[in-house]
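Novice: sequence unknown, structure follows:
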């Protein structure tokens, strides 16, 4: 997410005024498991997740048959360190937006269960876009 640090939040304040901030609270273990299951095809950037979007043949890209790799920062121990660092850096950002009354937090482990609540919030803040045929 962005902003990740108080410095980034302050820089963002200088160029725009936020009236809504969304925070997704996902359990540490869920994030670690998902990120650790991510593999990529280096030449194309295609991303696979061994849990919910695996390649047809384990370890190889669906289109080229070339080997997939796991980025160093997606290995479980690196993911755990990244998440701890993010949590420490993000805490003051979360507090800033909470103090302004613009923070909306959603908790869960599955996108399809969290998204309806996020969508309802966004729909209440942003008018629907109508096609030319609907106007």
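Specialist: The structure has been received and is ready for your questions. Given the structure is predicted, the values throughout are model-derived calculations rather than measurements. Numbers count the residues shown, from 1 in each chain.
Novice: for this protein, what's the longest helix?
Specialist: Taking DSSP state H as the criterion, the chain has its longest helix at helix 76-99.
Novice: now that one: buried residues?
Specialist: Using 16 or more other CB atoms under 10 Å as the burial criterion, the residues of helix 76-99 that qualify are 79, 80, 83, 90, 93, 94, 96, 97. No exception for glycine: its C-beta is placed from N, CA and C like everyone else's.
Novice: looking at those residues, which is nearest residue 21?
Specialist: Nearest to residue 21, judged by CB to CB, of those is residue 97 at 4.3 Å.
Novice: who does residue 24 bridge with?
Specialist: Judged by DSSP bridges, the bridge partners of residue 24 are residue 106.
Novice: quick one: residues contacting it.
Specialist: Shown in contact with residue 24 (CB atoms under 8 Å, 6 or more residues apart in numbering): 1, 105, 106, 107, 108, 114.
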